[in-house]
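Chemist: attaching a predicted model along with its sequence, questions to come.
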There are 2 protein chains.
Amino acid sequence: MADQAFVTLATTDNYAKGAMVLGKSLRNHSTSKKLVALIGPHISESSRAVLRKIYDEVRLVDVLDSGDAAHLAMMKRPDLGVTFTKLHCWTLTQYSKCVFMDADTLVLSNIDELFEREELSAAPDPGWPDCFNSGVFVFRPCNETYGKLLTACSENGSFDGNPKVHCFSFGFSSGGDQGVLNSFFSDWATADISKHLPFIYNLSSIAIYTYLPAFKQYGHDAKVVHFLGKVKPWDYSYDTASKTVKGQTQDAAMHPNFLQQWWELFSSKVLPLLKEEYGDQPFLSG
Amino acid sequence: MADQAFVTLATTDNYAKGAMVLGKSLRNHSTSKKLVALIGPHISESSRAVLRKIYDEVRLVDVLDSGDAAHLAMMKRPDLGVTFTKLHCWTLTQYSKCVFMDADTLVLSNIDELFEREELSAAPDPGWPDCFNSGVFVFRPCNETYGKLLTACSENGSFDGNPKVHCFSFGFSSGGDQGVLNSFFSDWATADISKHLPFIYNLSSIAIYTYLPAFKQYGHDAKVVHFLGKVKPWDYSYDTASKTVKGQTQDAAMHPNFLQQWWELFSSKVLPLLKEEYGDQPFLSG
Ligand SMILES: O=c1ccn([C@@H]2O[C@H](COP(=O)(O)OP(=O)(O)O)[C@@H](O)[C@H]2O)c(=O)[nH]1
Ligand SMILES: O=c1ccn([C@@H]2O[C@H](COP(=O)(O)OP(=O)(O)O)[C@@H](O)[C@H]2O)c(=O)[nH]1
Ligand SMILES: [Mn+2]
Ligand SMILES: [Mn+2]
């Protein structure tokens, strides 16, 4: 449906690489939905051009420049930087329903069925499973919700201390959006089971490292891999000749080949587009 | 209510120590429920005597000697050893509702409210949150359910390969009961949110080590700690004079004082009972 979209976010050129691979992975699996990338003002013109080749819509979100409620909220909570940009996804009201995906996710099969779910649907966060992980979630763009989220952000001094939500970001989500969203959609853990996405829609790479036997059994069912945590796929290097990821840690070697898959997609489908824009710079290391 | 009980299981004298501490922790927090310990045939007479001082009922479950369906099932699946003993909890039909708790759990406050939940209620397993952790669960004793569980056990060659359940035991549950129970109660992840116990009713020590910041924030809300994994509290040593747990790893030192709490309860409330039965043997090391 034309009024449904996958949405991602990139505020740096590195996260933009992730967004490019994510977009390509969605296209590879023949999504029928629109693809939207929200970008911050620091994304280079060349990266924007590449994103425009993959995404139906690339929308600049400049919180600092907006002079609106988001700007005011941001002045009160500068620590929530990227989060305010992410929250802008609720303003995409030309779409009736969207699925937000972190730029560090990779789609392994068609997941359009996610649009059958309602706001706010998300998968549990491994490690602190009473919280949802904010890397993949179904939502309904709505200016009223957006306003409420901003108000909640700026008024509530400390989400992470909210006694209603026993929540903690498992990863390093710099903007703290996981705390904000769990605080706002605080009945996720207790209200409606249909809003619990199966874990295979947000299989975090950390869970894979830690629970390798589980992964070996169920990894083939994974639909979305989330490279959650400090080290992202683009921080590694890749050797195109041997098609191997360099600088893999022991863990990464045990790790199934999702990292490899990310790099294969990057080098075959994204790199040519980058070269068209940037020329022959080295793109194969982080 | 007299027809409701907390139930645990111990098939070795070491797990019996755990059961003793668990029982004392439930009493300390003034539970109004009955306490039942299922024991295997290898538990020593002295341990049985101590368990009888703490528990209302200590019931011997000798699967090998039973000559019943459990014995037959066990011959087909000898690998599921302890699991068959655990499943016996469904035969406690003099109780209308029970809460099973692993012998490696410790109760930190009154949790009688768990009896308001229905079968099968349990908390998500960290790491693979589409599965429940089988260390704490609410169930209804019922011979029919027991029979079905045994049949499922002996007929289903490989639970862990059950495609319906993306499940994996996070810990080292020797009997594989987590796989068996998730396979049987396979709609837990998708059917009824009220059957999802909050994580604070089964806070695994591994999650505490791994997510220390989360724990620091929410640890005070924990109601049940689960010393899930290879190393159990009774594997450490304790110095009664300084009241410190010896041989703690770096991790354990960062760890809040649940291990300490376990040992304090053991040395103050359980040790005197053990000494009455066993005489002055050394009990302070694993
Ligand atoms: O500097 C940043 C940090 C984050 N993000 C976006 O916010 C998401 C959440 O951050 P991240 O994935 O790093 O957190 P994690 O999933 O590791 O907790 C990213 O995937 C990006 O979409 C971004 O654009 N720029
Ligand atoms: O040799 C054993 C192993 C397990 N158990 C019982 O089965 C439970 C589950 O095993 P464990 O706690 O070791 O598994 P984990 O929680 O670490 O996965 C224990 O707490 C005990 O109640 C037992 O009695 N004897
Ligand atoms: Mn992420
Ligand atoms: Mn256990």
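Modeler: Structure received. Ligands and ions are numbered 1, 2, ... in the order given.
Chemist: check the secondary structure at the residue nearest to residue A:30 when sequence neighbours are not counted for me.
Modeler: Using Cβ to Cβ, 6 or more residues apart in numbering or on different chains and skipping the chain neighbours, the partner closest in space to residue A:30 is residue A:110 (6.0 Å). All C-beta atoms are positioned from the backbone trio N, CA, C, and that covers glycine. Taken by DSSP: H, G, I helix; E, B strand; the rest coil, the conformation at residue A:110 corresponds to coil.
Chemist: now do the contacts for residue A:110.
Modeler: Taking Cβ atoms under 8 Å, 6 or more residues apart in numbering or on different chains, we find residue A:110 in contact with A:29, A:30, A:31.
Chemist: CSV for these, including pLDDT, distance to residue A:198 and secondary structure?
Modeler: Output for the contacts of residue A:110, formatted as CSV (pLDDT from 0 to 100; distance: Cβ to Cβ, whole Å; DSSP: H, G, I helix; E, B strand; the rest coil):
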residue, pLDDT, distance to residue A:198, secondary structure
A:29, 98, 17, coil
A:30, 98, 21, coil
A:31, 98, 18, coil
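Chemist: list just the nearest of those to residue A:16.
Modeler: residue A:31 (19.6 Å; Cβ to Cβ).
Chemist: which stretches of the stretch 1-150 of chain A form helices?
Modeler: For the stretch 1-150 of chain A, applying DSSP state H, counting those that start in this stretch gives helices covering A:13-28, A:45-54, A:63-66, A:69-76, A:81-87, A:143-155.
Chemist: mind giving me CSV with these and columns for mean neighbour count?
Modeler: Shown next, in CSV, are the helices of the stretch 1-150 of chain A (neighbours: other Cβ atoms under 10 Å in any protein chain shown):
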stretch, mean neighbour count
helix A:13-28, 23
helix A:45-54, 18
helix A:63-66, 15
helix A:69-76, 17
helix A:81-87, 23
helix A:143-155, 16
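Chemist: state the pLDDT value of residue A:212.
Modeler: For residue A:212, the pLDDT comes out at 61.
Chemist: which residue is nearest the middle of chain A?
Modeler: residue A:102 (0.3 Å; Cα atoms, centre = their mean).
Chemist: now the buried members of the contacts of residue A:110.
Modeler: For the contacts of residue A:110, a burial check counting by 16 or more other Cβ atoms under 10 Å in any protein chain shown picks out residue A:31.
Chemist: could you export the contacts of residue A:110 as TSV, including distance to ligand 3?
Modeler: Below are the contacts of residue A:110 laid out as TSV (distance: Cβ to the ion, whole Å):
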residue	distance to ligand 3
A:29	19
A:30	24
A:31	20
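Chemist: and the contacts of residue A:110, which is closest to ligand 4?
Modeler: Using Cβ to the ion, residue A:29 comes nearest to ligand 4 of those, at 39.7 Å.
Chemist: quick one, what contacts the closest one?
Modeler: Each residue near residue A:29 by Cβ under 8 Å, 6+ apart is listed here: A:107, A:108, A:109, A:110, A:111.
Chemist: most neighbours, which of these?
Modeler: residue A:107 (24 neighbours; other Cβ atoms under 10 Å in any protein chain shown).
Chemist: please name the nearest non-neighbouring residue to residue A:97.
Modeler: Nearest non-adjacent residue to residue A:97 (Cβ to Cβ, 6+ apart): residue A:4, at 5.1 Å.
Chemist: oh sorry, the question was meant for residue A:69
Modeler: For residue A:69, the spatially nearest residue (Cβ to Cβ, 6+ apart) is residue A:150, at 4.9 Å.
Chemist: was I right about that neighbour contacting residue A:74?
Modeler: No - taking contacts as Cβ atoms under 8 Å, residue A:150 lies outside contact range of residue A:74: 9.0 Å.
Chemist: any residues in contact with both of the two?
Modeler: Joint contacts of residue A:150 and residue A:74 (Cβ under 8 Å, 6+ apart) are residue A:84.
Chemist: what count of nearby residues applies to whatever residue of the stretch 151-286 of chain A ends up closest to ligand 3?
Modeler: The stretch 151-286 of chain A approaches ligand 3 most closely through residue A:228 (4.9 Å), counting by Cβ to the ion. For residue A:228, the count of nearby residues is 24 (other Cβ under 10 Å).
Chemist: now do it against residue A:258, distance only.
Modeler: 12 Å (Cβ to Cβ, to the nearest Å).
Chemist: what does residue A:98 give?
Modeler: 24 Å.
Chemist: of those two, which one has the most company?
Modeler: Taking other Cβ under 10 Å, residue A:98 and residue A:258 do not tie; residue A:98 has more neighbours (25 against 21).
Chemist: got the contact list for that one?
Modeler: A:4, A:5, A:6, A:7, A:36, A:89, A:92, A:138, A:139, A:140, A:141.
Chemist: those residues in strands, which ones?
Modeler: A:4, A:5, A:6, A:7, A:36, A:138, A:139 (DSSP state E).
Chemist: need the max-distance pair from those.
Modeler: Among these, A:36 and A:138 lie farthest apart (Cβ to Cβ), at 14.3 Å.
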